[in-house]
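Trainee: Okay, structure incoming, though there's no sequence with it:
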């Protein structure tokens with residue numbers, strides 16, 4: 001039995017989410033793009049690169065990619081882009097209001113809830129897949 005493009009998309013999304021979850025606990029490292037340490041956009045870059053998907057290296061450029069969707073249409077494996085005080089920040093959406101990110105020096109990759117703090121700073125939700133519904 002053949003798989004549909006929609007089924008293939010969801011398999012890939014699940015794999016992206018699983019890899020991101022398996023990176024929880026790796027330390028934050030400014031400019032980091034590998035398992036020795038990640039910064040926020042380095043984590044996003046690394047996870048997608050593992051599946052042959054090229055995304056920009058920095059969070060601001062990730063926010064400029066095509067493929068914006070509203071948060072209510074976000075799906076696991078989409079990229080969340082936030083505007084913090086002086087910087088841009090990116091993360092991988094896990095579904096059900098949670099995401100994985102590498103937040104700051106002295107920290108580590110971890111899960112976070114889309115709480116009031118993060119929702120007020122969310123600027124873009126990026127999807128790399130066309131809407132199938």
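Mentor: On my side now, so go ahead. Everything quoted here is computed from the prediction, not taken from an experiment.

Trainee: When you work out contacts or count neighbours from here on, use the C-alpha atoms and nothing else.
Mentor: Noted.

Trainee: Other residues contacting the lengthiest strand in the chain?
Mentor: For the chain, the strand with the greatest residue count under DSSP state E is strand 88-95. With C-alpha atoms under 8 Å, 6 or more residues apart in numbering as the test, strand 88-95 has contacts from 17, 20, 40-41, 43-44, 59-60, 62, 74-83, 99-102.

Trainee: SS state for residue 6?
Mentor: helix (DSSP: H, G, I helix; E, B strand; the rest coil).

Trainee: Name the residue closest to the centre of this structure, please.
Mentor: Taking C-alpha atoms, centre = their mean, the centroid of the chain lies closest to residue 92, which sits 2.0 Å from it.

Trainee: what pairs with that residue across the strands?
Mentor: residue 79, residue 100 (DSSP bridges).

Trainee: and it, how far is that from residue 2?
Mentor: Between residue 92 and residue 2 the distance is 29 Å, computed by C-alpha to C-alpha, to the nearest Å.

Trainee: can you list contacts of the strand or helix carrying residue 15?
Mentor: Element membership for residue 15, per DSSP states H and E: helix 5-22. With C-alpha under 8 Å, 6+ apart as the test, helix 5-22 has contacts from 47, 48, 51, 76, 77, 92, 93, 94, 100, 111, 129, 132.
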